[in-house]
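Undergrad: Build me a structure from this.
(chains A and B)
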Amino acid sequence: MNLDWLDAFLISGLFSVVIIIGLGLLLHLQLGLARIANFGVVGFFGIGMYAFGVMFVKVDWPFSEVWAFFISLAFGTLVAGLSGLLVGWLIADLDEDGVLVGTLGFATAVLILATTEQDLTGGALGLGGLKFPYDIGSVKANEFLWLIIVTTVVALILLYVGRVHRSPYGRLLIAVGANEPLARSLGKPAFRTKLWLFAVGSAGMGLLGALFGVMVRFLDISNLGIDVTLAAMVALVLGGTARVWGAVIGGFLTIGLFEIVVQSYIPFPQGWYGQAIPVVRQMVFGATLIVVLLFRPLGILGDMRRDKLMRSMHGG
Amino acid sequence: MVAEAKEQQPPAARPQIKVEKAVKSFSGRVVVDIDELVLGDQPIEGLIGPNGAGKTTLMRMIMHSTPLDQGTVTLYPSGINGEGIVLSALPTHRMARHGVVKSNQVIMDFDKLTILDSLLLAVAQHKYEQPQRIFDEKRVYDESAARIHEYLEFFAFGDPTQFAGSAGEKKLLDIVRCLLLEPRFLLLDEPTAGLPEELTEKVMQLIRDLAATGTAVVIVEHDLSVIWNLSNEVHFMAEGNVVMRGSPQEIRKNKTVIEKYLGEGHV
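TA: Okay, the predicted model is just below:
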C-alpha cells in the first residue's frame, strides 16, 4: 500500500482527535445527561491503558500473541469498569464539589500508582513492548490501520450515545440529572443508575486508554496528566455538553485545530515544539473554556432538543 | 387472557399505613410527633391543620424522603390484619413498587424533558432502563401510549411533545405521573393548589374513581371545599400530631378545629 501522501504527523494528530472525541462522548453521558462532572477521565483512561499494557507485556502467555492481545484488552476494559463502579459508589451521593474532588483525586491516585509501582508499570522509566495485533508492513501502514480501527470503535460509541438519547435509558439519565428526588419518588433507583453509568462510561474510557497505549507502544506516565481530562472536557463543552455531536465538533475544533493545523502547517521555530507548544495549548484550552462558559455556556450546538426528538419519534 | 383473569379477581382489600411513635424534628424543633396513626380506614381521607402542623412532613416521612428520627411507618398491602412492609426501612425509590405514591406540594418538574418524556419516564419499567437496552423506546411507548393519551385528552393538554409551560400544567403533570404509576396508596399534597375550578373538578373526579377501585387516598389540601367534598374521613393535625379524626361533618363543627384553624363564621 502506497501511503506517501499521508503525513505521519497527520496520523498521530487524527488519532489524538479520535481518542479525545471518544472520551468526550462518554463524558457527555455523564456530564451532559446525568450532570455528573467527572474530572477523573484520565484516571479511567490510564487504568485501562496500564492494566492492558502490564497484562500484555508482563504475563507469559501460553498462546499466540493475538489472543494475548485481546484478553489483555478485555482485562483493561474490565478493570477500568470496576474502578468506575468503585468511584461511582463513592461519589454517587455527593454534591458537585464532592464529585469534583473525588474524581480528580482518583485520577491523581492512578498517576501516583503508575509512578510508584515500578515493578509493574516501569514507573517514570515507562513500559515498552506493546505492539499491534497485526503486521501489514511499514510502521506507517500499521499506524494507519490502527487509526481506522480506533475510529470505528469511536464511531460505535457515537452510535451508542445517539441510541441512548432515543431510549428510555437516556430519559432516565436526564431525569436523574435534572431532578433526582423527583426521579426517586417515581420509583427510579438514582443511586444504582449513577453507579452503572459510571461503570459503563469508565469501561469505555479504559478501552480507549488501552487502544491509545497500542498506538504509542510505550506507556509513560506523561500520558496520565490532567491535560487529557481537560481536552475531553473542553471539546465537549465547546461543541455542546448536552448534544450527541457536541464532542465530535468540539474535538475537531480544539485538538483537531491544535494538533493538526497549528502543529503541522504553521511554521513555528523548531525549538518551540518541545516546551512552548504544550503549554500554549493548555492556556488556549483554558481560555476557550472560560470564553465558552461566559458567552455560550451550552456550547456551539446549544441545548438538547427533546421536543424535536419526541416529535420525530412519537409525533403524529 | 391476562386482562380477563385480572377482571375476574375480586377487588383487593384496601391497603393501610400505620405510623407508630414517629418523631421528626428540624434543628431542635419537633415538627411531627405521632404515637399511632392508621391511614386508609376509609377510601379517601383528608388531612387538615394550620400551617406548620406537620402535614407535609408527615407525608414525606411516609415516603421516606425525609428520614425519621424515631419510629416506624408500615404498609399493610391487604389491610391492617395482613402482612406488613416496613416502609421506613426502605429507600424512597422502592415506594412506587409497593404502590405508595405521593404528589408534590411545590411544583416539581424535570427541565429539559417534554410532557411526553415525563409521562413515559413514569410508566417505563426498570428492565427497559438499563445501559444495554437502547432499542426499547418503541416498546415502552406502545405499551403505555393509550393510557398516556387518555390522561392527556382528559386534562386537555396541548402538544405533549412540548415542555410543560404554566405552573398549572406542571402541577397536573405531577398528578398524572402519580396516576400512571398505578398507585395502591396515593398521598396527595395540595393537588389542586393553583388550579382553575374546572380542572379541580376533574382532578377530584379522578380521585373518586381511583378510590372506588380500591386505592387508598390521603389528601392534604387548604381548599377545604375539596376536603369536605371528597373525604370520607378527616384527620385534624396540630402541632405535629393528629389531635382529632372524624367525618367531615363532625370536624367542621368541632369547637377546637374552628378555634385553631377554620376561624369563627366558617360554614
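
Undergrad: thinking A:Ala175 is in contact with A:Lys188, fair?
TA: Yes - using Cβ atoms under 8 Å, A:Ala175 is in contact with A:Lys188, at 6.7 Å. The way it works is simple: take the backbone N, C-alpha and C, and place the C-beta from them, glycine included.

Undergrad: Pick out whichever of those two has more residues nearby.
TA: Neighbour totals were compared for A:Ala175 and A:Lys188, and A:Ala175 leads with 28 against 23 (other Cβ atoms under 10 Å in any protein chain shown).

Undergrad: Check which helix or strand the closest residue to A:Val153 other than its chain neighbours maps to.
TA: Among residues not flanking A:Val153 along the chain, A:Leu211 sits closest, at 6.6 Å (Cβ to Cβ, 6 or more residues apart in numbering or on different chains). According to DSSP states H and E, A:Leu211 maps onto helix A:190-216.

Undergrad: just how off-centre is the helix or strand following that helix within its chain?
TA: Going down the chain from helix A:190-216, the next helix or strand is helix A:226-239, by DSSP H and E. Relative to the mean C-alpha coordinate of its chain, helix A:226-239 is positioned 9 Å out (Cα atoms, centre = their mean, to the nearest Å).

Undergrad: Next, the angle helix A:226-239 makes with the helix holding A:Leu211.
TA: Relative orientation of helix A:190-216 versus helix A:226-239 (axes from the mean of the first three to the mean of the last three Cα atoms, to 10 degrees): 110 degrees.

Undergrad: thinking again about what came up before, which neighbours do A:Ala175 and A:Lys188 share?
TA: Common neighbours of A:Ala175 and A:Lys188 (criterion: Cβ atoms under 8 Å, 6 or more residues apart in numbering or on different chains): B:Leu121.

Undergrad: got the phi/psi numbers for B:Val203?
TA: phi -60, psi -40 (degrees, to the nearest 10).

Undergrad: got the contact list for it?
TA: So B:Val203 contacts B:Leu172, B:Ile175, B:Pro191, B:Thr192, B:Leu195 (Cβ under 8 Å, 6+ apart).

Undergrad: can you pull the pLDDT of the last one?
TA: Right, B:Leu195. For B:Leu195, the pLDDT comes out at 88.

Undergrad: Now for it, how many residues are close by?
TA: As a burial measure, B:Leu195 scores 21 neighbours (other Cβ under 10 Å).

Undergrad: Equivalent analysis for the third one, please.
TA: B:Pro191 is flanked by 27 other residues according to other Cβ under 10 Å.

Undergrad: what's the answer for the second one, then?
TA: One way to gauge burial is a neighbour count; for B:Ile175, by other Cβ under 10 Å, it gives 23.

Undergrad: for the helix or strand where it lies, which positions count as buried?
TA: Using DSSP H and E, B:Ile175 sits in helix B:167-180. Buried positions in helix B:167-180, judged by neighbour count with 16 or more other Cβ atoms under 10 Å in any protein chain shown: B:168-180.

Undergrad: Return the closest of those with respect to chain A.
TA: Distance to chain A, by Cβ to the nearest Cβ, is smallest for B:Arg177 among the buried residues of helix B:167-180, at 6.3 Å.

Undergrad: Is it correct that the closest one is in contact with B:Leu119?
TA: Yes - B:Arg177 is within contact range of B:Leu119, at 6.5 Å (criterion: Cβ under 8 Å).

Undergrad: Tell me, how many residues neighbour the closest residue to chain A within the stretch 1-150 of chain B?
TA: At 2.9 Å from chain A, B:Ala96 is the closest residue in the stretch 1-150 of chain B, using Cβ to the nearest Cβ. A count of nearby residues for B:Ala96, using other Cβ under 10 Å, gives 21.

Undergrad: From B:Gly79, how far out is it?
TA: According to Cβ to Cβ, to the nearest Å, B:Ala96 stands 21 Å off from B:Gly79.

Undergrad: ditto for A:Leu145
TA: 70 Å.

Undergrad: residue boundaries of the helices in the stretch 1-150 of chain B?
TA: Taking DSSP state H, counting those that start in this stretch to define them, one finds helices in the stretch 1-150 of chain B at B:2-8, B:55-62, B:115-123, B:137-154.

Undergrad: Now do the last one and helix B:115-123, the angle between them.
TA: Looking back up the chat, that one is helix B:137-154. Between helix B:137-154 and helix B:115-123, the angle comes out at 110 degrees (the same axes, to 10 degrees).

Undergrad: For the closest residue in space to B:Leu39 that isn't next to it in sequence, list each beta-bridge partner.
TA: The shortest distance from B:Leu39 to any non-neighbouring residue, by Cβ to Cβ, 6+ apart, is to B:Ile17 (4.6 Å). Here B:Ile17 sits in beta bridges with B:Leu39, B:Leu75, going by DSSP bridges.

Undergrad: List the single closest residue to the closest residue to chain B within the stretch 101-250 of chain A in space, sequence neighbours excluded.
TA: Per Cβ to the nearest Cβ, A:Gly187 is where the stretch 101-250 of chain A lies closest to chain B, at 2.9 Å. Once flanking residues are discounted, A:Gly187 sits nearest to B:Ala96: 2.9 Å by Cβ to Cβ, 6+ apart.

Undergrad: what's the angle from the helix holding B:Ile175 to helix B:137-154?
TA: 120 degrees.

Undergrad: any idea how far helix B:167-180 is from the chain center?
TA: On the basis of Cα atoms, centre = their mean, helix B:167-180 sits 11 Å off its chain's mean C-alpha point.

Undergrad: following it, which helix or strand comes up?
TA: Next along the chain after helix B:167-180, with elements defined by DSSP H and E, is strand B:185-189.

Undergrad: Sheet-wise, list the partners of that next one with their directions.
TA: Strand pairing for strand B:185-189, using DSSP bridges, gives strand B:100-102 (parallel), strand B:216-220 (parallel).

Undergrad: of all these, which lies closest to B:Asp33?
TA: Of all the strands paired with strand B:185-189, strand B:216-220 sits nearest to B:Asp33, with 17.9 Å by Cβ to Cβ.

Undergrad: returning to that earlier point: wait, the residue nearest to A:Val153 touches A:Thr152, no?
TA: No - the pair A:Leu211 / A:Thr152 is not scored as a contact, 10.6 Å apart, by Cβ under 8 Å.

Undergrad: quick one: which of those two has more around it?
TA: Between A:Leu211 and A:Thr152, counted using other Cβ under 10 Å, the more crowded position is A:Leu211 (24 against 11).

Undergrad: Report all helices and strands that the helix or strand where A:Ile112 lies contacts.
TA: Following DSSP H and E, the helix or strand that holds A:Ile112 is helix A:96-116. Judged by 3 or more Cβ pairs under 8 Å, 6 or more residues apart in numbering or on different chains; DSSP states H and E, helix A:96-116 is in contact with helix A:41-58, helix A:65-91, helix A:118-121.

Undergrad: List the contacts of A:His314.
TA: Contacts for A:His314 (Cβ under 8 Å, 6+ apart) come out as B:Leu116, B:Tyr141, B:Ala145, B:Thr161.

Undergrad: Report pLDDT for it.
TA: pLDDT, read off for A:His314, is 89.
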